[in-house]
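Enquirer: what would the 3D arrangement of this be:
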Amino acid sequence: MNKKVAAGFSLRSKTMSILSGRKNSRLFIKEDEERERKYLRSLSLKKSAAIVENLVTCRLGRDILEANRKWNKK
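Expert: Numbering: from 1, shown residues only. A predicted model of the protein is given here:
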């Protein structure tokens, strides 16, 4: 397995693990999960990287907002 293929697998698995965190935030039925998994496997490396970057940015933004709310309550 070459390095690009290995990087693609790890990036896709990272994407899937980040997206799996959404299961706790809304009702996530089995068919939706399977459909999303198939879609992620079909993505190119660039699209996977863009999704990971976007989700990480959103999570960081959410964490910053949460910290600001806690700070403002003090």
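
Enquirer: using PDB, list the CA coordinates for the helix or strand hosting residue 41.
Expert: Using DSSP states H and E, residue 41 falls within helix 30-42. Extracted C-alpha coordinates of helix 30-42, given in PDB (Å, rounded to 0.1, in the frame of the first residue of the first chain):
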ATOM      1  CA  LYS A  30     -29.100   3.100  10.800                       C
ATOM      2  CA  GLU A  31     -30.000   3.800   7.200                       C
ATOM      3  CA  ASP A  32     -28.600   7.400   7.500                       C
ATOM      4  CA  GLU A  33     -25.400   6.100   9.100                       C
ATOM      5  CA  GLU A  34     -24.900   3.500   6.300                       C
ATOM      6  CA  ARG A  35     -25.700   6.100   3.600                       C
ATOM      7  CA  GLU A  36     -23.200   8.500   5.100                       C
ATOM      8  CA  ARG A  37     -20.500   5.800   5.400                       C
ATOM      9  CA  LYS A  38     -20.900   4.800   1.700                       C
ATOM     10  CA  TYR A  39     -20.700   8.500   0.700                       C
ATOM     11  CA  LEU A  40     -17.600   9.100   2.700                       C
ATOM     12  CA  ARG A  41     -15.900   6.000   1.200                       C
ATOM     13  CA  SER A  42     -16.600   7.400  -2.300                       C
END
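
Enquirer: so which elements touch the next helix or strand after that helix?
Expert: Using DSSP H and E, the helix or strand that follows helix 30-42 in sequence is helix 45-73. Counting contacts by 3 or more C-beta pairs under 8 Å, 6 or more residues apart in numbering; DSSP states H and E, helix 45-73 is packed against helix 3-20. (C-beta placed from N, C-alpha, C; glycine too.)
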